[in-house]
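S.K.: need a structure here:
(one chain, ligands or ions: 2)
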Amino acid sequence: MITGSCHCSDIEFCIHENELTVRYCYCTTCRKLSGSDYSSVARVARPSFTITKGAESLAAYESRPGKLRYYCSKCFSPIYVTTDNELSFLRVRLGLLDGSPRVKVTGHMWVSEKPTWRTIEDCLPVYMHEYTGE
Ligand SMILES: [Zn+2]
Ligand SMILES: [Zn+2]
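M.R.: Ligands and ions are numbered 1, 2, ... in the order given. Okay, the predicted model is just below:
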């Protein structure tokens, strides 16, 4: 089991998986909302994800119609993201996780919006836009 929490520790969650499938996302929205070049996003089956503490501290921001980004209303850590067009999965950013869970990185997505100062130096698949497969 994998656990995670926000910066102020009001919110804690667990993911009932042994390994996470992760993409690096360079989309403008991830960059604006994280303040970073890209986000490392784990794709998690919804039934595997449970908020174990502080659900009442969650707030949501709709970054585009049907895409809800849940964050801690006290410290603003991004907790998880849901989309109407992918109901069986949600997304969690790796920076929230405790310890060193097993991670399988499967590629780079939204490379069309990657900033010029960020270079890709591995051999993982590159997707110009969204990629929802494995
Ligand atoms: Zn918090
Ligand atoms: Zn993104």
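S.K.: ok but residue 4 is inside a helix, no?
M.R.: No: when classified by DSSP: H, G, I helix; E, B strand; the rest coil, residue 4 is found to be strand rather than part of a helix.
S.K.: Now for it, how many residues are close by?
M.R.: Under the neighbour criterion other C-beta atoms under 10 Å, residue 4 is assigned a count of 24. Just so you know, the C-beta spots here come from the backbone N, C-alpha and C atoms, and that holds for glycine as well.
S.K.: helices and strands around the least confident helix or strand in the chain by mean pLDDT, which ones?
M.R.: For the chain, using mean pLDDT, DSSP states H and E, the weakest element among its helices and strands is helix 28-34, scoring a mean of 92. In terms of contacts (3 or more C-beta pairs under 8 Å, 6 or more residues apart in numbering; DSSP states H and E), helix 28-34 is packed against strand 39-45, strand 58-64.
S.K.: got the contact list for stretch 67-77?
M.R.: 6-8, 10-11, 33, 54, 57-63, 78-84, 96 (C-beta atoms under 8 Å, 6 or more residues apart in numbering).
S.K.: wait, does stretch 25-42 contact ligand 2?
M.R.: Yes: with C-beta under 5 Å from the ion as the measure, stretch 25-42 is seen reaching ligand 2 through 25, 27, 30.
S.K.: Dump the residues you listed to TSV, plus neighbour count.
M.R.: Listed next are these as TSV, based on neighbours: other C-beta atoms under 10 Å:
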residue	neighbour count
25	25
27	20
30	25
